[in-house]
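one predicted model, sequence on top.
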Number of protein chains: 2
Amino acid sequence: MPDTFAQPTLEDVARAAEVSTATVSRFLNTPDQVSPKAREKVAAAVEKLGYTPHFGARAMAAKRTQTIGAIIPTMENAIFARGLQAFQETLNDKGYTLLVSSTAYRPELEAEQIRTLIARGADGLLLIGYERDPAVYNYLHTRRIPYLLAWAHRENAAHTAIGFDNKSAMATLARHVIAQGHRNIGVISGIRLGNDRATDRVAGIHLALAEAGLDPASAPLIEAPYAFESGAAAFSNLMRTSNPPSVVMCINDVLAIGALQSARDLGIKVPQEVSITGFDDIELTTLVTPKLTTVHVPHRTMGSLAAEELIAQIEEKRPGQSCRLDSALRLRDTLAPR
Amino acid sequence: MPDTFAQPTLEDVARAAEVSTATVSRFLNTPDQVSPKAREKVAAAVEKLGYTPHFGARAMAAKRTQTIGAIIPTMENAIFARGLQAFQETLNDKGYTLLVSSTAYRPELEAEQIRTLIARGADGLLLIGYERDPAVYNYLHTRRIPYLLAWAHRENAAHTAIGFDNKSAMATLARHVIAQGHRNIGVISGIRLGNDRATDRVAGIHLALAEAGLDPASAPLIEAPYAFESGAAAFSNLMRTSNPPSVVMCINDVLAIGALQSARDLGIKVPQEVSITGFDDIELTTLVTPKLTTVHVPHRTMGSLAAEELIAQIEEKRPGQSCRLDSALRLRDTLAPR
DNA sequence: GACGAAAATGTAAGCGCTTGCATTTTAGTC
DNA sequence: GACTAAAATGCAAGCGCTTACATTTTCGTC
């Protein structure tokens, strides 16, 4: 008894079209090598049988999968969700499929996830930021896996990256803050260990401080996990000191909005009594009151470009090309001159 | 010259461990069928060579891929991002990998995406809601693809689904609203065409209205795309009528928050002059002022359960089991008695 | 120590596809 | 029509793995 649920194979199509399997395969992959007559017959057979090539077989024989893997901290973070969505859309347009894995903010999981996605046949990989064990990069190079870093960009870095320069973007905002007369600048950072975006952003603030002749080391800084509440807690700690800052610069919008909430709860007026700034320009920034001053980052553009670049790398077998995207200040209502 | 970048194969491992390829394969798949001594040798060889099984070969020989596909409207929507994240985490824990595709809110793309993911070897599929072309369900059944619907649940429905009952959840909220004395209820719905979640939620409101002896047809309703601005526009249209509603029930939080913004812009006090309600309980609801009254839905739990259920379906080759999750009212500050 | 059953291992046949090479067909030229 | 180069097609060898079946080893019993 024939298995009614078995999928038609290349051979079935070949038989129906009265050609060899090679011709069918060519029809699928390099149609211009097939005569119009044969093309027609094969097309009809494919249509009639509802044939879809078997992915595994194809992967094995052709050694590529048209699949690209991405490893991000979490999709729940809007900035990753947005970029990843654009990445996926572009991938899809180009005939690639997205394999997703997340570290849930435990960077030590990344190495294993990379292996998993590679084992799953990913033709290329999208990773977040620069910071990871050299052994991981080593593995990637040894196995000749095309990869691309996103959400970050450093001049003359050793790895191909597409993103924005966290340090200089934040420095630009910090210079503006200083130009507004602020001298006592509090900082709420994300956890910097293993997170170069956070590290670079703090470094940007410190750079601007130093340029202005201020001592970076004397700027109070609190590290807080990525959550509204921890931003709120950090803020209240900063404000509770004997010499509270006149502005609190947060490494991202989520922490900044937490700070804003906290300010409201504590009855501290923003921006009259204290200014607050963020980074990322998530949708929320214009929904809170007062609207948050922050740095806009083109996440969707980045995701799309990343997809295009990665595919180009894979298909043209060429080395990666980094790309630096511009960020822009969004001066809204939470920053006032001192 | 040997290809230095070639991956070690099963055969290489077998040679290094001085056993047959079958033993290595068993070590990988059913280790208890291998003697401790052999197990040790193979483990050492795997370690030494840095062996990873080839996905395609495995897929071809074993006819499964340990890969599960999910098709969602967009990851940019927090409610999908959250559920999908949990889904992915659970999948990962169980040794499965997630393949993601999105329709970008064009349901007509779904059928093709389903085919793509199946062709990519997905062992099972996670889909959103019930509403789709019968031909799609037909295809799924013909090919015997395990699938699971999420973000929705209807009693005695023909398909396995894990989610909450949108209709009764919204009806519960609507009954509460009516109990607060509201009689003139405006509705801002998402686009209902092809979206059973939106359809059911509106139906829930209408049900409660009818129960209370009010005419559902006379309740003003505006459909608006999923975006803050369209919620805002819809709200201002509703309020501009000669007999503006005393409460505006929105089908989701995004529309509700848009409405809230609009109310503020128009100088209409919430909840004193008009009440507003949402649905989903996204993080934002407690960050806006006043805090939004809405319906909480356990997205993360749903995602995890969906992963478990789908894997069970696949591995135990059993029919799917639907599961209805409870939603809960979150009575906050945007709803006041009339 | 011999025996049989159970456990462990090995052998080898595919799984469905791509592709190098060989062969046939087609088209162009004299 | 004969001849040649180019285009189209076919043949068949893998790709790396799983697994049915055959064979060998181990172990408990008498």
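Sure thing, it's come through.

neighbours of residue A:295, just the number please.
Residue A:295 has 23 neighbouring residues, counting by other CB atoms under 10 Å in any protein chain shown. Every C-beta, even on glycine, is put in place using the N, C-alpha and C of the backbone.

against residue A:87, how distant is residue A:25?
Distance, residue A:25 to residue A:87, using CB to CB, to the nearest Å: 30 Å.

neighbour count: those two, which is higher?
Legend: neighbour count by other CB under 10 Å for residue A:25 and residue A:87, higher for residue A:87 (31 against 19).

mind checking the SS state of that one?
With DSSP: H, G, I helix; E, B strand; the rest coil as the basis, residue A:87 sits in helix.

ok, now the one 4 residues further on?
State at residue A:91, reduced to three classes by three-state DSSP: helix.

give the contact list for the nearest residue to it once chain neighbours are set aside.
Using CB to CB, 6 or more residues apart in numbering or on different chains and skipping the chain neighbours, the partner closest in space to residue A:91 is residue A:307 (4.8 Å). Neighbouring residues of residue A:307 by CB atoms under 8 Å, 6 or more residues apart in numbering or on different chains: A:68, A:86-88, A:90-91, A:94, A:96.

need those residues in CSV (columns: distance to DNA strand D and pLDDT).
Listed next are the contacts of residue A:307 as CSV, based on distance: CB to the nearest atom of the strand, whole Å; pLDDT from 0 to 100:
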residue, distance to DNA strand D, pLDDT
A:68, 20, 94
A:86, 34, 97
A:87, 29, 97
A:88, 28, 96
A:90, 30, 96
A:91, 25, 95
A:94, 25, 89
A:96, 21, 91
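
that's a helix at residue A:303, yeah?
Yes. According to three-state DSSP, residue A:303 belongs to a helix.

what's the neighbour count on the spatially closest residue to it that is not a sequence neighbour?
Leaving aside its sequence neighbours, residue A:303 sits nearest to residue A:86 (CB to CB, 6+ apart; 3.2 Å). By the criterion of other CB under 10 Å, residue A:86 has 23 neighbours.

verify the stated contact: residue A:86 with residue A:308.
No. Taking contacts as CB atoms under 8 Å, residue A:86 lies outside contact range of residue A:308: 10.7 Å.

is any part of the helix or strand of chain A at the bottom of the mean pLDDT ranking close to chain B?
Ranked by mean pLDDT, DSSP states H and E, the weakest helix or strand in chain A is helix A:55-62, scoring a mean of 87. Yes. Applying CB under 8 Å from any CB of the partner chain, one finds helix A:55-62 touching chain B at A:55-60.

and that helix, which residues are buried?
Of the residues in helix A:55-62, A:55-60 count as buried by neighbour count, 16 or more other CB atoms under 10 Å in any protein chain shown.

repeat for stretch A:224-238
Residues A:224, A:226, A:228, A:230-236, A:238 are the ones in stretch A:224-238 that count as buried (16+ other CB under 10 Å).

which residues does it contact?
In this structure, residues lying in contact with stretch A:224-238 by CB under 8 Å, 6+ apart are A:77, A:105, A:186, A:188-191, A:220, A:222, A:244-245, A:248, A:250, A:252, A:254-259, A:261-263, A:265-266, A:276, B:283, B:287.

cool, stretch A:49-58 as well?
A:7-10, A:12-13, A:16, A:28, A:45, A:65, B:55-60, B:65, B:115, B:118-121.

now it - C-alpha only, CSV.
What follows is stretch A:49-58, C-alpha atoms only, in CSV (Å, rounded to 0.1, in the frame of the first residue of the first chain):
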residue,chain,number,x,y,z
LEU,A,49,2.1,16.9,-8.2
GLY,A,50,2.3,19.9,-5.9
TYR,A,51,6.0,19.2,-5.5
THR,A,52,8.2,21.0,-3.0
PRO,A,53,11.8,20.2,-2.8
HIS,A,54,13.0,18.5,0.4
PHE,A,55,14.9,20.9,2.4
GLY,A,56,17.2,18.4,4.1
ALA,A,57,18.2,16.7,0.9
ARG,A,58,18.9,20.0,-0.7
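
spell out the secondary structure type for residue A:99.
With three-state DSSP as the criterion, residue A:99 reads strand.

what about the helices in the stretch 201-338 of chain A?
Secondary structure of the stretch 201-338 of chain A (DSSP state H, counting those that start in this stretch): helices at A:228-239, A:253-266, A:299-316.

chain B contacts on the stretch 151-300 of chain A?
Within the stretch 151-300 of chain A, the positions near chain B by CB under 8 Å from any CB are A:228, A:257, A:261, A:283-284, A:287-289.

go again using 10 Å as the cut-off
A:227-228, A:254, A:257-258, A:260-261, A:264, A:283-284, A:286-289, A:299-300 (CB under 10 Å from any CB of the partner chain).

just the buried ones out of these, please.
Neighbour-count burial (16+ other CB under 10 Å) applied to those gives A:228, A:254, A:257-258, A:260-261, A:283-284, A:286-288, A:299-300.

in contact with the residue nearest to residue A:303, which residues?
With contacts defined as CB atoms under 10 Å, 6 or more residues apart in numbering or on different chains, residue A:86 is in contact with A:298-307, B:75-76, B:104.

and the least confident of those residues?
By pLDDT, residue B:104 ranks lowest within the contacts of residue A:86, coming in at 85.

hmm, back to that, which of the contacts of stretch A:49-58 are buried?
Neighbour counting with 16+ other CB under 10 Å marks A:8-10, A:12-13, A:16, A:28, A:45, A:65, B:55-60, B:65, B:118, B:120-121 as buried within the contacts of stretch A:49-58.

of those residues, which are in range of DNA strand D?
Near DNA strand D, judged by CB under 7 Å from any atom of the strand, the entries from the buried ones among the contacts of stretch A:49-58 are B:57-58, B:60.

quick check, pLDDT for the nearest residue to residue A:222 once chain neighbours are set aside.
Counting by CB to CB, 6+ apart, residue A:234 is the residue found nearest to residue A:222 once chain neighbours are left out, at 4.2 Å. On pLDDT, residue A:234 comes in at 98.
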